[in-house]
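Colleague: predicted model follows, preceded by the sequence.
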Amino acid sequence: MDREWFRMTAHELADAFRNGDTTAEAVAEEHLARIEKIDPQVQAYVDVWQESALDAARDADARIRAGTATPLTGVPMSLKDLLCSTEGTTTCCSHILDGYRSPYDATVVERLREAGAVVLGKVNMDEFAMGSSTENSARQTTRNPWNLKCVPGGSSGGSAASVAADEAVYSLGSDTGGSIRQPASCCGCVGMKPTYGRVSRYGLVAFASSLDQIGPFTKDVRDCALVLNAICGHDKRDTTSANLAVPDFTQALTGDVSGLRIGLPKEYYTDALGGDVRDRVETAIDILKDRGATPVEVSLPHTEYAVAVYYIICTAEASANLARFDGVRYGQRAANVKDVRELYHQTKSAGFGLEVQRRIMLGTYVLSSGYYDAYYLKAQKARSLIAQDFTKAFEHCDVIVTPTTPTPAFRIGEKIDDPLQMYLSDLFTISTNLAALPAISVPCGLTTEQLPAGLQVIGRPFDETAVLRTAYAYEQHRGFDWGRPPLG
Amino acid sequence: MAQITLDDVDYVAGLAQLTLDEATKERLVGELGSILAYMDKLNALDTTGVEPMMHALDMTNVYREDEVIESLDREAALMNAPKTDGAYFLVPRILEGD
Amino acid sequence: MNYEAVIGMEVHVELNTRSKVFCGCSTNFHAPPNTNVCPVCLGMPGTLPVLNRQAVEFSVAVGLALDCSISRWSKMDRKNYFYPDLAKNYQISQYDLPLSFDGAINIIVGGETKRIGITRAHLEEDTARNTHTLGGGDSGVDFNRSGVPLLEIVSEPDIRSGAEAYAYLTALKQILQYLGVSDCNMEEGSLRAEANISIRPVGQEAFGVKTEVKNVASFSGTQKAIEYEIARQRQILENGGAITQETRGWDADRGITVSQRSKESAHDYRYFPEPDLAPIVVDTAWEEQIRAGLPELPQVRRARFEEAFGLSPYDAGVLTASREMADYFEAVVEAKAPPKQAANWIMGDVQALLTYRELDIADCPLAPVELAAMIGLIENGTISGKIAKDILPELMDTGKSAQDLIEEKGLVQISDADELVTVAREVIAANPGPAADYRAGKAKALGFLVGQLMKATKGKANPKLANEILARELGSSED
C-alpha cells in the first residue's frame, strides 16, 4: 500500500477519486480493515455495516465515473447510534433498544445517502446521549485514541474516537450540551454544533428537544464545511428546522480574519482556568490576532447559572422524551409481567442504565406538582437571560472564542461516581445550546500529558460562516504539526 | 427546598414508572439532593419581568397542509413489537382504572 | 332539604380532517387495525410532530361558533402520563393557553332559553384504542386513532339537570355538524361526553363533592345517567352519608352508575410547553378569515326561518335541526314553493319516505326543484294534493319530473266544467237516494256524491269545482 487512504480527509479523497488515484471501494475496504485492526483497542463501533458499506462504495464509484459525484461521494463515515437508519440497528447504546430496527431513515441519513456517502456503521455513545465520557454506554467503553486509559469525552465519544483513530473520515453526532464539541476537543478533531434549527432533527432520537442538534466530526475545518453543506437545510418534517437559505459554507474558508472582532468572555477566563488549556487557547488567540483579528473582552454575566439551567431543562424534556420506551411498541420488554404496571416498571428499570434513570428522576421531579415554577419556569427565564447575554456580547464582537473544555480528557472511571462534577465539566459548552448558537471546537494543541485541547468558536444565530471562517484561519496558521494518536 | 426525602424519591419514581431498589433510592436521595441544592442557586437570580424562553427559535405558525400520506405497512409497524398477533400490539390485559 | 344539581360537561370531539393532527396518516375510521399508522403516530424514536393547519382552523371555527374569545397566542403542551394507548406516554394537548375560551351556548329546555357557559376548547391528539376481546389474557392496541385531532370542549358548571345536559349536547352537536368539522358519531367514538355531577343544598354557594360519569353511548343515556346520579347522591346525603369523589360508569342495561376503581394517586401530569412545535398565533386577519367562512349557525337560521318564512317556532326548529335539512328547505323555497307548503311536505311525506328508505335528507333523491315543481302543480290546480301524495314515491324513485309523470299517467286534474257537468248528471242519476236526501236538506249527502264523482273520474276532478257543479245540478234538476 503506497498511501494510507484512511488517513485522508474527505476533500483529499474527493480529489483522489476524481483523479482516479483510488476507488471508493478500495478506500471503504481499507477503513473496514482499519476498524478490524484498531477498534478492539478503541472500541468506537457498536455495529459495522461491512456489506452495505461496500455496496454503497461500489455505487459511489459508479457515480464518480459518471461524473455525478458530490464532494462526499464514496467517503466513508460513521453515525452516532441515535441517528435512525433502516440499515442495522439504532439502539442509543441502551439495553432498552437492543435489536431495535428503525422503519425509517433520519433526514440526515437520507441526505448523506443522496450525497453518496459510505456509512461504515454505528458508533458508541453515552446511553441516550446522557454523559460526558461515553462511559454510560450499555455496550462498551470507548477509549481515547490519544491515551487508551482516558475517556474520549461524550456523549458522542464513538464519533470522535472513530475519526481521531482514522476509523472513519468523518462522523455525525449530536450535541445537547457539548456532546459534539467536548469529545472533539478530547480526541483532537473538529466538531461542530450548528445553530439550533439548521439541521433537521427528524430521526435523531431526542434527548432534550429544545437543545439537541446534529453536527459533524471531521479531520479538518474544510471537511466540516463540506459535511454541513450536505446536511443543513429546511425539512418540513421538523417544525423547528429553520426555513432559511443555506450558504455554501466552503465560501467561508478564506483564511482571512482581518477586521474580525473576537470576543473573550471574562467569565470564562477566570483564575480557575489554568494550566495547559489556557496556554494553548491564548496562543491560538495570538495567532488570530496576528492575522488581523481584534480581541475584545465581553461579558456573559449569567454564565454561572448555565449548568443549573441546563440540567433542569434537559432532564425535564428528557423525562418526557424517554417515556415512550415502555416495551409496548418496540424495544426490550421485561419477561413474565402480569399487568401493565409491571410491564412499565420492570421494562424501564431493567432497560435504562443508572445515569438515564437519574436524569429521568431529576426531570420528573422538577416538573412535578408544586415545583414547576421554582425549577422549570425559573430555568426558562434564566435561559432567556443567558441568551440575551450573547445578544449583547455580539454587539461588540463577531465571534466568541473560548476553550472547549476547561481540562483535557480525564481518566476512565475518574468522575463516574460524582454526577455533579461530571455535569460541571460541560460549563463552557452548554451556554451555546441554551442560546441556540452555532459553535465549533477545533484542535489547538496537545497538553503536556499529550492530550488534545480544543478551541471553541461561537457565532451569532445562523452565522456558521463566521465560525468556520475563524476556525479555518486559525487551523491554516496554527503552525504546528498536528500529528497522530499513538495507535498502530 | 432541595431537601429531598425517600418519600419524594418514591413519589417521583412512581410518576416515572421506575422501580428502584433500596440502595439506589438511598443513593438518589443523596445525589438528587446535591444536584438540586446546586440548582437552588437560581433562587438568587432576579427574573422579574423576564419572559421564559419556551422555544429555542422565535418561530410561530409552522404547519403542514391537511394531506394524507401513505402509512407504514402493518408488517413494518409491528416489526419491533415485543408481542403481537400480526394485527395488534399486545400488552398484558388492561383493567379499568389501571 | 332541597338540593340542586351542578353539572359541567367535557366533550371530546374528533375533528374530521383528512389526515391526523401531527402526521399524514388517514383518519378513516374503517381501516383494519394498525394500518393507518406511521412512525410519528406510533411514537417511534426520533419522530417529530408537525401540526395540521386544518385542525387549527377547525378548532378556531368551533371557538367562534361557541362565541368564544380566540387566543391570539397559544401553544401546545405535553401532558405526561402512562397508558398503553398513548404512543409517546405523553399526550400533546393544550394546558394554560387553549385556542379558545369564555364562550356560551344557548339551550332551550321547556320553552325557556338558558345560557350555558363554555370555559374553553382546546386541541389535542386522540389516543389509540385498546381491545380486550382477543382472548389469551392480553389486550390489543390499535393505533389507527392515535393522533386523530381531538377538540376538548369544557362547559361551565351551569347545567342543572339531565334534560339540560341533553339539550346542551344536542345544541353542541348541531353546531359542530353545521360547521362540518366532525361526524359526531358516538358509536364510532368521534363524540364522547363526560359529565361532572355534584349536588348542593339550594342557596349554598360552595360546590359539593363531584363524581365523573363517562363512557355513555348516547345523549339520552347521558341524561339518564345524570338523573340517576343526582338521585343517588341525594339519597346518600339524606341518609347522612358522604359522596366519594370518583369516576363512575353508566350501566345502560341496569340503568345505574357503577363505581370504577378510584384512581390510586392524584394526577400529576407534569405539563410543559411542547418544544417540538411552534406557538400558534391567530391574528385578527386569520380569525376574521375563519369567521368569514362560518356557515349561518342553527340559532340564527332558526330565527330567520320564523321571521322570513312565517314558520312556527316548532317547524323552524325541525327544519334547522341539521344544516342539510335547512339547505334542502331553502332550496325548495328558492324554487318558488310557498314556504308553509314546502315545510309541510318536507316534514311530512318527504321525511316519511326518507325514513322508510333509511336515507338522510342530504341524500334525498328528490331534487328540491322537483319538489317545488310538484307543489306548484298543486297550487295552480293541475293536480290535487291527493294525487301529489300518491305520486311522491314514484317521483322520488324515478327521478322524473312531476309534470311528465302526471301527463304520462293521465293524472291531470279535470277542471273542464262541461265535462264535469256530464259526469255529475250521471252520478245524480245513478244515486237517486242520496240526491233526494240532499234535496231534502241533508247537506251531508253532498259529500257522498262528490266522493262518487271523484271515483268516477279516478280522482282527477278538481274537488272545488266538483262540489260547485254537483250542488248546482242538484238544485237545478229540482225545477
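Modeller: Everything's here; your move.
Colleague: count of neighbours near the residue nearest to residue A:425 when sequence neighbours are not counted?
Modeller: Spatial nearest neighbour of residue A:425, chain neighbours left out: residue A:132 (5.5 Å); criterion: CB to CB, 6 or more residues apart in numbering or on different chains. For the C-beta atoms, the positions are set from N, CA and C on the backbone; glycine is no exception. Neighbour count for residue A:132, taken as other CB atoms under 10 Å in any protein chain shown: 28.
Colleague: before we move on, what about residue C:16?
Modeller: 19.
Colleague: show me what contacts it?
Modeller: The contact partners of residue C:16, taken as CB atoms under 8 Å, 6 or more residues apart in numbering or on different chains, are C:27, C:180-183, C:190.
Colleague: make it 7 Å
Modeller: C:27, C:181-183 (CB atoms under 7 Å, 6 or more residues apart in numbering or on different chains).
Colleague: same deal with residue C:71?
Modeller: Counting by CB under 7 Å, 6+ apart, the residues that residue C:71 touches are C:97-101, C:282.
Colleague: so which helix or strand takes in the residue in the stretch 1-150 of chain A that chain B sits nearest to?
Modeller: In the stretch 1-150 of chain A, the residue that lies nearest chain B is residue A:103 (4.7 Å; CB to the nearest CB). Secondary structure from DSSP states H and E places residue A:103 outside every helix and strand.
Colleague: okay, strands next: where are they in chain B?
Modeller: Assigned by DSSP state E, the strands in chain B fall at B:63-64, B:89-92.
Colleague: just say which of the ones you listed is most tucked in.
Modeller: For those, ranked by mean neighbour count under the definition mean count of other CB atoms under 10 Å in any protein chain shown, the leader is strand B:89-92 at a mean of 24.
Colleague: chain A versus the one residue sitting closest to the centre of chain B, what's the distance?
Modeller: Computing the C-alpha centroid of chain B and ranking residues by CA atoms, centre = their mean puts residue B:16 first, at 6.8 Å. Separation of residue B:16 from chain A (CB to the nearest CB, to the nearest Å) stands at 5 Å.
Colleague: was I right about that residue contacting residue A:365?
Modeller: No: contact criterion CB atoms under 7 Å: residue B:16 and residue A:365 do not qualify, at 9.1 Å.
Colleague: tell me the confidence at the residue located most distally from the centre of chain A?
Modeller: Each residue of chain A has a distance to the centre, and by CA atoms, centre = their mean the biggest one is for residue A:338: 41.2 Å. Per-residue confidence at residue A:338 stands at 90 (pLDDT).
Colleague: so who does the residue of the stretch 351-488 of chain A found nearest chain C touch?
Modeller: The stretch 351-488 of chain A approaches chain C most closely through residue A:367 (3.8 Å), counting by CB to the nearest CB. With contact set as CB under 7 Å, 6+ apart, residue A:367 has these partners: A:316, A:319, A:376, C:270, C:272.
Colleague: got the contact list for residue 7?
Modeller: With no chain named, the answer covers chain A. Taking CB under 7 Å, 6+ apart, one finds residue A:166 in contact with residue A:7.
Colleague: wrong one, I was asking about chain C
Modeller: Counting by CB under 7 Å, 6+ apart, residue C:7 touches C:157, C:159-160, C:165, C:195-197, C:226.
Colleague: now with 6 Å, please.
Modeller: If a contact means CB atoms under 6 Å, 6 or more residues apart in numbering or on different chains, then residue C:7 has C:159, C:165, C:195, C:197 as its contacts.
Colleague: what sits closest to it if chain neighbours are left out?
Modeller: Distance criterion CB to CB, 6+ apart; nearest residue to residue C:7, sequence neighbours excluded, is residue C:159 at 3.9 Å.
Colleague: where does chain B dip in pLDDT?
Modeller: B:1-2, B:96-98 (pLDDT under 70).
Colleague: alongside chain C, which residues does it contribute?
Modeller: Counting by CB under 6 Å from any CB of the partner chain, chain B comes close to chain C at B:15, B:17, B:54, B:59-64, B:66, B:68-69, B:71-72, B:74, B:77, B:87-91, B:93-94, B:96-97.
Colleague: ok, now the stretch 51-200 of chain A?
Modeller: Applying CB under 6 Å from any CB, we find that the stretch 51-200 of chain A lies next to chain C at A:84, A:103-104.
Colleague: for the residue nearest to the centre of chain B, give me its contacts.
Modeller: So residue B:16 contacts A:360, A:364 (CB under 6 Å, 6+ apart).
Colleague: how about it, phi and psi?
Modeller: Phi and psi for residue B:16, reported as degrees, to the nearest 10, are phi -90, psi 0.
Colleague: what's the answer for residue C:325, then?
Modeller: Torsion angles at residue C:325 (phi, psi; degrees, to the nearest 10) stand at phi -60, psi -50.
Colleague: one step back: from the contacts of residue A:367, which land in helices?
Modeller: Among the contacts of residue A:367, the members found in helices (DSSP state H) are A:316, A:319.
Colleague: kind regards, and thank you for your time.
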